[in-house]
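Student: need coordinates for the following:
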Amino acid sequence: MSGQLIEFQDLFMKIALESIFKVGFGIDLNCLDWLSNEEATTFSKAFDDDNEAVNLCFVNPLWKLKRFINIGSEASLKKNIEIIDKFVHNIISTKK
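Tutor: Numbers count the residues shown, from 1 in each chain. Here you go, the predicted structure:
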């Protein structure tokens, strides 16, 4: 063994994301490939970060204030939603 740490939650999330995009859009994100394209990697990272930010809303009572002021996880959530939106719109326009 090489002694590397494997994060199974991250691996399962990438497998699920890959499956959803293959079935839903008919494309391979290749997010499991170490040499995947930069756009898919950026999308995958934004998607993972947004999942974490949304989960924090359930335990952080100040999330509405953070959203109003546009700081912390809420600021990154807004930026990541723009990345996700652009990526998905590019796929849809390509498929049309």
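
Student: ok, Ile81 - contacts?
Tutor: Ile81 sits next to Ala46, Asp50 when contact means C-beta atoms under 8 Å, 6 or more residues apart in numbering. All C-beta atoms are positioned from the backbone trio N, CA, C, and that covers glycine.

Student: that one: what secondary structure?
Tutor: State at Ile81, reduced to three classes by DSSP: H, G, I helix; E, B strand; the rest coil: helix.

Student: any figure for the gap between it and Ala53?
Tutor: Taking C-beta to C-beta, to the nearest Å as the measure, Ile81 falls 10 Å from Ala53.

Student: tell me, what's touching these two both at once?
Tutor: The overlap between the contact sets of Ile81 and Ala53 (C-beta under 8 Å, 6+ apart) is empty.

Student: end-to-end on stretch 3-10?
Tutor: Length of stretch 3-10, first residue to last, C-alpha to C-alpha, to the nearest Å: 18 Å.

Student: now do the phi/psi pair for Asn70.
Tutor: Reported as degrees, to the nearest 10, the phi and psi values for Asn70 are phi 60, psi 60.

Student: same question for the one 5 residues further on.
Tutor: Backbone geometry at Ala75, expressed as degrees, to the nearest 10, gives phi -70, psi -40.

Student: dump the residue contacts of it.
Tutor: When contacts are counted by C-beta under 8 Å, 6+ apart, Ala75 touches Lys66.

Student: quick one, helices of this protein?
Tutor: 8-24, 38-56, 63-69, 72-95 (DSSP state H).

Student: tell me the gap between the longest one and the middle of its chain.
Tutor: When distances are taken as C-alpha atoms, centre = their mean, to the nearest Å, helix 72-95 is centred 9 Å away from the chain's centroid.

Student: could you check the angle that helix makes with helix 38-56?
Tutor: 140 degrees (axes from the mean of the first three to the mean of the last three C-alpha atoms, to 10 degrees).
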